[in-house]
Structures are given as C-alpha cells and as structure tokens.
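Undergrad: Can you look at this prediction? I've put the sequence above it.
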Amino acid sequence: MEIILMYVIGLVVLVIAIISIFKSLVHRVTVSNQALKEQIARLETRVNELEKEN
C-alpha cells in the first residue's frame, strides 16, 4: 500500500513539474518578445546618448 501511495505522489509531482515547465516556457515566449524589443530600444537610445557625450 505504501509503495502505491509513493508512486501516486511521484506521479503527481511529475505532472506538476511538467505543467510548471510548460507554463514558464509559454510565458517566456509570449512576454519576453515584446519586452525584449522595448529593452533593446531603450539600450540603443542609451548607447547613442553615451556615444554623443564622448
């Protein structure tokens, strides 16, 4: 009985891990694309400002 319970708990943990990995990948792909474009634009303007100072 304990062995069956351990397998069930292991399966639940595995399913939760797979779901969390999938959610993090989806979130990373959808959010970071737009955020990265905005961050790159800010960095480019900052680099241009620093180059003009020197």
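TA: Nice, thanks for sending it over. Remember, it's a predicted structure, so these values are computed and weren't measured experimentally. Residues are numbered from 1 along each chain as shown.

Undergrad: mind listing the helices for the chain?
TA: With DSSP state H, the ranges of helices along the chain come out as 2-53.

Undergrad: Nearest the geometric middle of it, what residue?
TA: Ranked by distance to the mean C-alpha position of the chain (Cα atoms, centre = their mean), the top residue is residue 28 at 3.8 Å.

Undergrad: Might you list the low-confidence residue ranges for the protein?
TA: 31-32 (pLDDT under 70).

Undergrad: Swap in 50 and give it another go.
TA: Applying pLDDT under 50 to the chain flags no residue at all.

Undergrad: Roughly how far does the residue nearest to the centre of the chain sit from residue 36?
TA: 10 Å (Cβ to Cβ, to the nearest Å). Every residue, glycine included, has its C-beta placed from N, CA and C.

Undergrad: Likewise for residue 18?
TA: 26 Å.

Undergrad: Next: residue 49.
TA: Between residue 49 and residue 36 the computed distance is 20 Å (Cβ to Cβ).

Undergrad: Ok, residue 12 next?
TA: Distance from residue 12 to residue 36, by Cβ to Cβ: 35 Å.

Undergrad: Kindly report the same for residue 17.
TA: From residue 17 to residue 36 the distance is 27 Å (Cβ to Cβ).

Undergrad: now residue 25
TA: 15 Å.

Undergrad: Count residues in the vicinity of residue 17, would you?
TA: When neighbours are defined as other Cβ atoms under 10 Å, residue 17 has 10 of them.

Undergrad: go on, residue 36?
TA: 10.

Undergrad: How many neighbouring residues does residue 46 have?
TA: 10.

Undergrad: If you could redo that for residue 43, that was the one I meant.
TA: 10.

Undergrad: same check, this time on residue 24
TA: Residue 24, neighbours per other Cβ under 10 Å, totals 10.

Undergrad: what about it, distance to residue 54?
TA: 40 Å.

Undergrad: what do you get for residue 48?
TA: On the measure of Cβ to Cβ, residue 48 and residue 54 end up 11 Å apart.

Undergrad: ok, those two, which is more surrounded?
TA: residue 48 (10 against 4).
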